[in-house]
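Participant: got a structure for you, letters missing:
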């Protein structure tokens, strides 16, 4: 019994078979390229993240290790110590502070207020500051101003940022050396003043 030949398929042609193999190879190469590109990208991303993390970690540790905690020493014109606060007392959770008691020994202030609001008056000049507990906002001779850290009230004592004296007091010398912040009055007969002056009251125009 004679059997007929099976019908020819497209793949029986060498040209078509070779073309099909080339297409399959091209697809396989594209997939490999995509996988390789993804691996390179993910590797670069992970390395970049690690580099950024290490940079901030090293910077933070470097800054922390180089930070000096200062104590405060209040001196009179002859160099005699009037008050001393150690580094633990002066460095609080927000920054560097001086107690109102110590500042008064240096500046001879007139003080009024309660645990929420404090008014400091310089006796010689009559200029004044108004501060508020747990706030960095204040008034200097009636002019609004702001500090970088707040005024604190702890254990029945006000603590003022040293920044306040550095920025707004005229007539106070502040020197940092060997872990000690030394504060004293400038000159033999200092007159303490504030840098922001009272705003003059304008004279109203007469009625026509």
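Facilitator: Looks like it came in fine. No experiment lies behind these values; they were computed from the predicted model shown.
Participant: So which bits of the helix or strand containing residue 112 are buried?
Facilitator: Assigned by DSSP states H and E, residue 112 belongs to strand 109-113. By neighbour count with 16 or more other C-beta atoms under 10 Å, strand 109-113 contains the buried residues 109, 113. Where you see a C-beta, it was placed from the backbone N, CA and C, and this is true even at glycine.
Participant: go on, stretch 89-106?
Facilitator: In stretch 89-106, counting by 16+ other C-beta under 10 Å, buried: 90-91, 94, 96-100, 102-104, 106.
Participant: what's the closest non-adjacent residue to residue 135?
Facilitator: The shortest distance from residue 135 to any non-neighbouring residue, by C-beta to C-beta, 6 or more residues apart in numbering, is to residue 150 (5.3 Å).
Participant: To clarify, my last question referred to residue 163.
Facilitator: That would be residue 147: by C-beta to C-beta, 6+ apart, it lies 5.5 Å from residue 163.
Participant: Please give me every residue in contact with that neighbour.
Facilitator: 136, 138, 161, 163-164, 167 (C-beta atoms under 8 Å, 6 or more residues apart in numbering).
Participant: gap between it and residue 70?
Facilitator: Distance, residue 147 to residue 70, by C-beta to C-beta, to the nearest Å: 18 Å.
Participant: Figure out how far stretch 90-105 is from the centre of its chain.
Facilitator: 19 Å (C-alpha atoms, centre = their mean, to the nearest Å).
Participant: now do stretch 178-196
Facilitator: Worked out by C-alpha atoms, centre = their mean, stretch 178-196 lies 26 Å from the chain centre.
Participant: how about it: buried residues?
Facilitator: 181-185, 190, 192-194, 196.
Participant: what's the helix or strand for the residue most central in space within the chain?
Facilitator: Centroid-nearest residue in the chain: residue 148, 8.3 Å away (criterion: C-alpha atoms, centre = their mean). Under DSSP H and E, no helix or strand contains residue 148.
Participant: pretty sure it contacts residue 163?
Facilitator: Yes: using C-beta atoms under 8 Å, residue 148 makes contact with residue 163 at a distance of 6.3 Å.
Participant: Next, show the common contact partners of those two.
Facilitator: In contact with both residue 148 and residue 163: residue 95, using C-beta under 8 Å, 6+ apart.
Participant: Which phi and psi values does residue 43 adopt?
Facilitator: phi -60, psi -40 (degrees, to the nearest 10).
Participant: how close does it sit to residue 37?
Facilitator: Distance from residue 43 to residue 37, by C-beta to C-beta: 11 Å.
Participant: Next: residue 172.
Facilitator: In terms of C-beta to C-beta, residue 172 sits 64 Å off from residue 37.
Participant: More neighbours: which of those two?
Facilitator: More neighbours surround residue 172 than the other of residue 172 and residue 37, with 17 against 10 (other C-beta atoms under 10 Å).
Participant: how does the chain divide up, domain by domain?
Facilitator: Following automatic domain parsing, one gets these domains for the chain: 19-66, 71-194.
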